[in-house]
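Enquirer: return atomic coordinates for the entry below.
(chains A, B, C and D)
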4 protein chains.
Amino acid sequence: MHVEEMISTHPHVQGNVNDALIRCIEACYDCAQACTVCADACLGEPMVAELTQCIRLNLDCADLCAATGALASRRTGSNELVLKSVIEACAEACRLCAAECARHARKHAHCEICAESCQRCEQACLAAAETITPARQ
Amino acid sequence: MHVEEMISTHPHVQGNVNDALIRCIEACYDCAQACTVCADACLGEPMVAELTQCIRLNLDCADLCAATGALASRRTGSNELVLKSVIEACAEACRLCAAECARHARKHAHCEICAESCQRCEQACLAAAETITPARQ
Amino acid sequence: MHVEEMISTHPHVQGNVNDALIRCIEACYDCAQACTVCADACLGEPMVAELTQCIRLNLDCADLCAATGALASRRTGSNELVLKSVIEACAEACRLCAAECARHARKHAHCEICAESCQRCEQACLAAAETITPARQ
Amino acid sequence: MHVEEMISTHPHVQGNVNDALIRCIEACYDCAQACTVCADACLGEPMVAELTQCIRLNLDCADLCAATGALASRRTGSNELVLKSVIEACAEACRLCAAECARHARKHAHCEICAESCQRCEQACLAAAETITPARQ
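Expert: The predicted structure follows:
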């Protein structure tokens, strides 16, 4: 992905990039894609009835990662409180999805890989959230 | 929209609908659409340079409303903490976007209508968030 | 929804609205929401294993309706060829999802309502596509 | 990203991956992110009034790439006609966005990088579309 290259050329950033936010954006796009595949792969498993909670958490996580990746890609000055809240909600969605995927990881390789992607995204979100200190508005 | 009709036939809901959540979902889809148009309408105004913050807040609000509408449309049992956080972040995004749109409401009818849609969505989100009491996990 | 009100205040539109496109946008947002609920409701049914194709078509239809609704809400002048193609692809996604939902309509009220929403969206997309005549580029 | 790793563990794929589709999915997520940043970076430029068409094409391209990446990540058997149509529409959106970004590439590094990302995504979409031969339905 071109995340760092793109962000560093933004007129409001000018090379002064927030590395933790870059990692968070990359992880969000990766996790959105992994969760989309995992939901569909779970739907293809014979024991789909045991995987319905996994599918739902996948879909919630994918939607939230996509929104978080887009918001974090913008420099919406006065929106830091929103961005921090969304990134923290995303970290929680990733944590729950990772925990559910991990329960199925021994049986299904897609759940194992997806759990890793979610864990990495959770960590990247928490690290990015720490760097955002919203001004009072 | 068919929001109430659809939700009330969900096997986990069975007619026992959360009215505040229904209103929140409807408002989120409406606000996502209004903000998408407002951003594009602002881009068509001769004084677009004065509207860049409005456009950014429109885009953030549209993305977050779309994600919130989708998450709130699912019954992801154990995901209530995430849902509540996302709805609250969405309310804040709506509040900021409404305030910025309101500044341009006298000059631009699209900003005036969009501000109303954002305000209504903020209220609907706050009302829905109050009905969600996440269990400890 | 405020679709018509918003579009009619757009500086490039100025009251000269394309009614078929307005109906298409409304139908896309409605169908995206209905398909999101239907997928989740199907996941809650005891016979989820018989509904996996329905869930997949729901998810594809929801994603495509959301993108189509957003693109159709913008007045991206030179993009009419893309818009027409996307609206036609959306009509086809709605047709397939409606057909699959209709197969389960007697057993599941959510599939019945969702099939209606998809059919209405298919018709609205086809009617809107006819009004778009892309210039050669 | 984990695209190939995820797709190759899908029960309907089982290692028999479509390389062109994998490349297409990766390019779509990359291009969606690049276009989201480019739109926001254009909004931060003093000459934003000259960049409004670029911003609109960025937003259309981002929305369509996100939807295409999600649809292509699913194995919705009978949906190949829709998938092929969407991938082709996405290629066209990328072609138009690349052409507009290229016009501003000498002045704005974000437009230069975004043009490259769009061109690569266009090529990846065209290559993937060729591998999809929808059955009659």
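Enquirer: give me phi/psi at residue A:108?
Expert: With angles defined as degrees, to the nearest 10, residue A:108 sits at phi -130, psi 110.
Enquirer: skip the chain neighbours and tell me the closest residue to it.
Expert: In this structure, residue A:108 finds its nearest non-sequential neighbour in residue A:45, 6.6 Å apart by C-beta to C-beta, 6 or more residues apart in numbering or on different chains. For the C-beta atoms, the positions are set from N, CA and C on the backbone; glycine is no exception.
Enquirer: okay, and for chain A, where does confidence drop off?
Expert: Counting by pLDDT under 70, chain A has low-confidence residues at A:14-15, A:76-78, A:135-137.
Enquirer: contact partners for the residue nearest in space to the middle of it?
Expert: Nearest to the centroid of the C-alpha atoms of chain A, with distances taken as C-alpha atoms, centre = their mean, sits residue A:28, at 3.2 Å. Neighbouring residues of residue A:28 by C-beta atoms under 8 Å, 6 or more residues apart in numbering or on different chains: A:65-66, A:68-69, A:72, A:90, A:121, A:124-125.
Enquirer: next: residue A:97.
Expert: Residue A:97 neighbours (C-beta under 8 Å, 6+ apart): A:35, A:54, A:57-58, A:60-61, A:114-115, A:118.
Enquirer: measure stretch A:65-81 end to end?
Expert: 17 Å (C-alpha to C-alpha, to the nearest Å).
Enquirer: check the secondary structure at residue A:46 for me.
Expert: Here residue A:46 is recorded as coil under DSSP: H, G, I helix; E, B strand; the rest coil.
Enquirer: can you pull the residues of chain A lying near chain C?
Expert: By the rule C-beta under 8 Å from any C-beta of the partner chain, the part of chain A lying against chain C is A:39-40, A:43-44, A:46, A:48-49, A:52, A:55-56, A:59.
Enquirer: and the residues you listed, which are buried?
Expert: A:39-40, A:43-44, A:48, A:52, A:55-56, A:59 (16 or more other C-beta atoms under 10 Å in any protein chain shown).
Enquirer: out of the residues you listed, the closest to chain B would be?
Expert: residue A:56 (4.3 Å; C-beta to the nearest C-beta).
Enquirer: so the closest one sits against residue C:41, correct?
Expert: No: using C-beta atoms under 8 Å, residue A:56 is not in contact with residue C:41; the gap is 11.2 Å.
Enquirer: so the residue lying farthest from the centre of chain A versus chain D, what's the distance?
Expert: Distance from the C-alpha centroid of chain A peaks at residue A:46, with 28.0 Å (C-alpha atoms, centre = their mean). Separation of residue A:46 from chain D (C-beta to the nearest C-beta, to the nearest Å) stands at 8 Å.
Enquirer: which residues does that residue contact?
Expert: Counted by C-beta under 8 Å, 6+ apart, residue A:46 has contacts residue C:49.
Enquirer: ok, now residue A:25?
Expert: Contacts of residue A:25 (C-beta under 8 Å, 6+ apart): A:3, A:7, A:69, A:72-73, D:33.
Enquirer: who in chain A is up against chain D?
Expert: Residues of chain A lying near chain D (C-beta under 8 Å from any C-beta): A:1-3, A:5-7, A:9-12, A:25, A:29-30, A:32-34, A:36-38, A:40-41, A:44-45, A:62, A:66, A:69-70, A:73-76, A:108-110, A:113-114, A:116-117.
Enquirer: circling back to that earlier point, what sits against the residue nearest to residue A:108?
Expert: Residue A:45 neighbours (C-beta under 8 Å, 6+ apart): A:51, A:108, D:11.
Enquirer: buried only: go through these for me.
Expert: A:51, A:108, D:11.
Enquirer: could you dump the residues of chain A next to chain C to TSV with distance to residue C:81?
Expert: Shown next, in TSV, are these (distance: C-beta to C-beta, whole Å):
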residue	distance to residue C:81
A:39	32
A:40	30
A:43	34
A:44	35
A:46	43
A:48	40
A:49	44
A:52	40
A:55	36
A:56	37
A:59	32
